[in-house]
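Novice: Need a 3D model of the sequence below.
(chains A, B and C)
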Amino acid sequence: MSPQPSTSKDTSQPKTSPGGPGSKVKTTPQKGKRSKSRSPSPRPPRSLKDTDYIEDTLLEKSGVNGDLKVTYVDSEEMLFDEVLKLISRWDPDILVGFEIQNFSWGYLLQRASHLSINLCALMSRIPEDKRKSSFKAESDEWGADHSSEIHIAGRIILNLWRLMRHEVALNIYTYENIAFHVLHERIPHFSFQTLSSLFNHRTHLYRWRFIQYYLTRVEGNMRIIDQLDLIGRTSEFARVFGIEFYHVLSRGSQYRVESMMLRLAKPMNFIPVSPSVNQRARMKAPECIALTLEPESRFYPDPVIVLDFQSLYPSIMIAHNYCFSTCVGRLDYLKKAYDGPIEFGCTNLRITPSTLDKIKDHVTVSPNGVVFVKKHIRKGIISSMVDEILNTRIMVKKSMKEYKKDKGLQRLLDARQLGLKLIANVTYGYTGANFSGRMPCIEVGDSIVRKARETLERAIQLVEDTPRWGAKVVYGDTDSMFIELKGRSKDEAFVIGQEICDAVTAMNPKPIKLKFEKVYLPCVLQTKKRYVGYSYETPDQKEPVYDAKGIETVRRDSCSAVSKILERTIKILFTSRDVSQVKEYILKQCTKLMQGKVSMQDCIFAKEYRGMKGYKPGACVPALEIAKKLLRNDRRAEPRVGERVPYVIVYGSPGLPLIMLVRQPQELLQDPSLRINATYYITKQILPPLDRLLSLLGVDVFSWYNDMPKVVRVLPQSLMPAEKKKGTISQFFSTVNCPVCDKLTNQTICNNCMQNPQMVCVSLCDRITKWEKVHQTLIQICNTCMGVQDERQPCDSLDCPIMFRRVLAKQDHHKADQLRVTLEKALEF
DNA sequence: CGTCAAACCTAG
DNA sequence: TGAGCTAGGTTTGACG
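Specialist: Take a look at the predicted model:
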């Protein structure tokens, strides 16, 4: 294969999307298929206005991977022809894009439709079937939850970032952040503006950098998918549930349960009920709720053992034969059965008196008064399905142990057991499904919950009634018990814990099993569903593992500064049990915040955007506010539904509602007059969670803060923008610090320092050099990341801490320039 | 100033 | 147009 004749291509682009589709994964050419034949390509016809063309020799200079074949076309229409040729050549089953609504495939489709090309149909494997291949040019809110809004017959289209939302819990789902957390690599980010200028640049090298940028992303998409074994796992789920690959990603859990359940029901001649919307609405409301104890909220210096019932709900279904097909209805109603059908689920059940008589000695009654027939009369479908699932899972886990060496098989088996676990846990949800349920049955659902509650209550009772253990149940939620063992050692806790587990398991029918989970030493129980502790899973574990549930360190609705400080505080507290160390740490962090020395990155909140129609009228939500702002500038810039929108809180004049202080992180970088609202972050974000923790120890963090000296940072006049922004607090300051001694002064350099011009000179020069050095180093780091030597087009990835420091360093660099002027003035004296 | 609903996210 | 479930805590602003 020889290189294609090169002719330049230029396409007219909409404002926001330069130079082509976002990140499109096409089947990459096979390695080694193309040799390194790099004969010089013919010059393009001079007649083309664009003098810019790329010679293959430049490939080498630019360092782009040699397995790359570039095709040049004259028009956008021809570009589509080439794309279609590629698709028909490789005939991929799966097309991936990182974001396929506005960019990537969605962008291609929109451009194509603008040129009256029905790309959807042309890309499909059944071109005649126009109905099945479609995309929505006007993105609507529906389908936002799904992995794709584009349908192409015969091919699967994956919207990678949306899939990642379910795969990994991240604060922000940008490409760079996902790459960092999944691949552990920093990937540079260029703005569309930068990309456009790279593409349109006169020098070839820059256009190559543009191409390289997209190549990295395309390849990165594949590596992310690979790393998470997305395809393998999804295929395995599809096999386990017996549904299509794409449905694993796009449909809900009801679909999975039904798929498995109906397969079992059919041979037994069962037809599932299909209630109407009305019938569903008329169904009785659930009456039972899971047991959640109110914990005694305090610090626990003694060992606390955590015991969990293993898959409690599925176990209960199996143990008591709870199922749609074994349920006879409520005990109260059964006497009416002689008169006709009785209420049952969302429909009626007709039981003849003779049947009732026959089974009446072979039934169990659930604690909430619902009657089920016993196993020997009829084995329930759900219960046998769940039974099979749990047994299979145990088998799979066993074979995982046997084939430890085979990594591929391990992954497959792990995916399989995970899928089985998921389906077991969700089967209960299916019986209780409310507004959307295809076949809900509240009697069954309630019985499960009630029985589980009873099981847990009996377990708690047993623990409390056995004085030999000296144990006290301090908390429990649905299927777990937290037991305090006052005055016992960690090792004793493991022994007693195991003993309790065995006793409780013994008093319950198979397969209900209480499992020893971990020992907390020490721990803090804050409220229901919120606790934290140092956990030990085995007696010989030396170092404890920090384990938090429900508190801010694991929540994504506060910024990372909050979770970092809270986590650090807890660790200091648990390790040293010394409040004075905690105080020292917290006050130090507050000072850093007030001095503006905390990285802005740690102050970024990110919340899910629900779309314009997703909010109540008049809602004042930061994500919505930012979306509106973005839309004013560019109507294609609206965040996707479900996207996590980042924002920070800045200073503003007193009395303004919080929503007015919401800014995009970029705004803060571009506008030096904006400053992180340290007061807000400290008093509204950092201190409240700390208070909830430390107040349990009788410590008042707020008073610590109130008693500490406050740092007031003053914005130098030089950084004030010409037109002062109304509403920002900066305008209320008129004084400045002396750049030499940092004392307040109304002079450029304070009178005191001016007495000693030599000192001024040395001190300022020193600072200038330092700033410049930092700036230079940071630029170097960024250049390494981008694989370039010169810094013309810096990366602006909001997820990269280096980028932030570089911008700050640039501001320092700017300050250095001004200091130079100051210095020159000072030297004149 | 207390109460309430909405918004968000997590535990199980 | 499709959508497992409930409990729970916290922040925020509107309202009385």
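Novice: May I ask you to name the longest helix in chain A?
Specialist: The single longest helix within chain A, with elements called by DSSP state H, is helix A:757-786.
Novice: Which strands and helices lie in contact with it?
Specialist: Identification of packing neighbours for helix A:757-786 by 3 or more Cβ pairs under 8 Å, 6 or more residues apart in numbering; DSSP states H and E yields helix A:751-754, helix A:801-828. Any C-beta I mention is one placed from the backbone N, CA and C, and that applies to glycine too.
Novice: ok, and for that helix, which residues are buried?
Specialist: Residues A:760, A:763-764, A:767-768, A:771, A:774-775, A:778-779, A:782-783, A:785-786 are the ones in helix A:757-786 that count as buried (16 or more other Cβ atoms under 10 Å).
Novice: coming back round to it: of the helices and strands packed on helix A:757-786, which approaches residue A:501 most closely?
Specialist: Closest approach to residue A:501 among those (Cβ to Cβ): helix A:801-828, 45.2 Å.
Novice: What is that closest one packed up against?
Specialist: In terms of contacts (3+ Cβ pairs under 8 Å, 6+ apart), helix A:801-828 is packed against helix A:757-786.
Novice: just to revisit the earlier point, got the helices and strands packed on helix A:757-786 as JSON lines, with mean neighbour count, mean pLDDT and distance to residue A:603 columns?
Specialist: Output for the helices and strands packed on helix A:757-786, formatted as JSON lines (neighbours: other Cβ atoms under 10 Å; pLDDT from 0 to 100; distance: least, Cβ to Cβ, whole Å):
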{"stretch": "helix A:751-754", "mean neighbour count": "14", "mean pLDDT": "80", "distance to residue A:603": "33"}
{"stretch": "helix A:801-828", "mean neighbour count": "17", "mean pLDDT": "79", "distance to residue A:603": "10"}
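Novice: Quick one, which of those gets closest to residue A:698.
Specialist: Once those are compared by Cβ to Cβ, helix A:801-828 is nearest, at 37.1 Å.
Novice: what sits against residue A:289?
Specialist: Residue A:289 is in contact with A:449, A:453, counting by Cβ atoms under 8 Å, 6 or more residues apart in numbering.
Novice: That one: which element?
Specialist: For residue A:289, there is no enclosing helix or strand under DSSP states H and E.
Novice: Now that residue A:649 has come up, it's in contact with residue A:675, right?
Specialist: No: using Cβ atoms under 8 Å as the test, residue A:649 is too far from residue A:675 to be in contact (10.3 Å).
Novice: Out of these two, name the residue with the larger neighbour count.
Specialist: Neighbour tally, residue A:649 and residue A:675, criterion other Cβ atoms under 10 Å: the higher count belongs to residue A:649, 24 against 19.
Novice: Now do the buried residues in stretch A:452-465.
Specialist: A:452, A:453, A:454, A:455, A:456, A:459, A:460, A:462, A:463.
Novice: If you could redo that for stretch A:229-249, that was the one I meant.
Specialist: In stretch A:229-249, counting by 16+ other Cβ under 10 Å, buried: A:229-231, A:233-234, A:236-238, A:240-241, A:243, A:245-249.
Novice: Write out the residues of chain A neighbouring DNA strand C.
Specialist: A:140, A:142, A:251-255, A:286, A:289-290, A:292, A:425-426, A:428-430, A:432-437, A:526-530, A:550, A:557, A:618, A:620, A:657-659, A:684, A:688-689, A:692 (Cβ under 7 Å from any atom of the strand).
Novice: Just the buried residues of these.
Specialist: A:251, A:253-254, A:286, A:290, A:425-426, A:428-430, A:432-433, A:437, A:526, A:530, A:689, A:692.
Novice: Secondary structure element for the residue in the stretch 151-300 of chain A positioned nearest to DNA strand B, which one?
Specialist: With Cβ to the nearest atom of the strand, the shortest gap between the stretch 151-300 of chain A and DNA strand B falls at residue A:169, namely 5.8 Å. Counting by DSSP H and E, no helix or strand carries residue A:169.
Novice: go on, residue A:207?
Specialist: For residue A:207, the host element (DSSP H and E) is helix A:204-227.
Novice: What residues of that helix count as buried?
Specialist: Across helix A:204-227, burial judged by 16+ other Cβ under 10 Å covers A:204, A:206-218, A:220-221, A:224-225.
Novice: could you check the angle helix A:204-227 makes with the very next helix or strand once past that helix?
Specialist: The helix or strand immediately downstream of helix A:204-227 is helix A:230-241, counting by DSSP H and E. Counting by axes from the mean of the first three to the mean of the last three Cα atoms, to 10 degrees, helix A:230-241 lies at 30 degrees to helix A:204-227.
Novice: give me every residue that touches residue A:512.
Specialist: Per Cβ under 8 Å, 6+ apart, neighbours of residue A:512: A:309, A:312, A:315, A:316, A:319, A:455, A:505.
Novice: tell me the SS of the nearest residue to the third one once chain neighbours are set aside?
Specialist: The spatial neighbour of residue A:315 that comes closest, neighbours along the chain excluded (Cβ to Cβ, 6 or more residues apart in numbering), is residue A:512 at 4.5 Å. For residue A:512, the reduced secondary structure class is coil; criterion used: DSSP: H, G, I helix; E, B strand; the rest coil.
Novice: For the stretch 651-800 of chain A, which residues score under the pLDDT cut-off?
Specialist: Scanning the stretch 651-800 of chain A for pLDDT under 70 picks out A:712-737, A:789-793.
Novice: Helices along that one, start to end?
Specialist: A:665-670, A:678-680, A:687-694, A:701-707, A:751-754, A:757-786 (DSSP state H, counting those that start in this stretch).
Novice: Format the ones you listed as JSON lines; extra columns: distance to residue A:795.
Specialist: Compiled in JSON lines, the helices of the stretch 651-800 of chain A are given as follows (distance: least, Cβ to Cβ, whole Å):
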{"stretch": "helix A:665-670", "distance to residue A:795": "13"}
{"stretch": "helix A:678-680", "distance to residue A:795": "28"}
{"stretch": "helix A:687-694", "distance to residue A:795": "33"}
{"stretch": "helix A:701-707", "distance to residue A:795": "37"}
{"stretch": "helix A:751-754", "distance to residue A:795": "39"}
{"stretch": "helix A:757-786", "distance to residue A:795": "6"}
